[in-house]
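Asks: Sequence plus the predicted model coming up.
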Amino acid sequence: MLTNSPLACYSKMLEKGFTTVTAASKTAYTAVPGDQIGVDTVANIVTITLPAGAVGDEIVIMDVSASNGFGTNKCVVAPNGSEKIQGTAASIDLTTNNQSVTLFYTGANKGWQLKTNTA
């Protein structure tokens, strides 16, 4: 039986490697393939470093701050070493409250691509 309740959705995220990064206790986190990362930037900027990618890897990053959030303290998404995000070897900034992105690794040419972005 399928359900759209918030509890059921949260339960599914937990099964797939949901982790919370809270700026009050940690300002950096290195993701692993399949991670679904809830980021709370209420206290500080947080940097999420992407893993070395393999084609098909996917990472989800979402603002879970109770107040303020990415609009007040951004979330920096950094590539691993010389890997690329959207074809460039540079970080991207998430700066919109309640923003959620899904990154998908496509290969060495483009690297991590934004599959979804709620900004």
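Replies: Yep, it's here.
Asks: Reduced to three states, what does the spatially most central residue of the chain come out as?
Replies: Nearest residue to the geometric centre of the chain (Cα atoms, centre = their mean): Ile61, 2.1 Å. Using DSSP: H, G, I helix; E, B strand; the rest coil, the structure places Ile61 in strand.
Asks: Look up how far Ala78 lies from it.
Replies: Distance from Ile61 to Ala78, counting by Cβ to Cβ, to the nearest Å: 11 Å. C-betas here are computed from N, CA, C, even on glycine.
Asks: Quick check: neighbours shared by these two?
Replies: Shared contacts of Ile61 and Ala78, defined by Cβ atoms under 8 Å, 6 or more residues apart in numbering, are found at Ile48.
Asks: got the contact list for the nearest residue to Gly81 once chain neighbours are set aside?
Replies: Distances taken as Cβ to Cβ, 6 or more residues apart in numbering put Ala52 closest to Gly81, at 7.3 Å, once the chain neighbours are dropped. Counting by Cβ under 8 Å, 6+ apart, Ala52 touches 80-81, 83.
Asks: give me the low-pLDDT residue ranges for this structure?
Replies: Where the chain drops to pLDDT under 70, the residues are 1-16.
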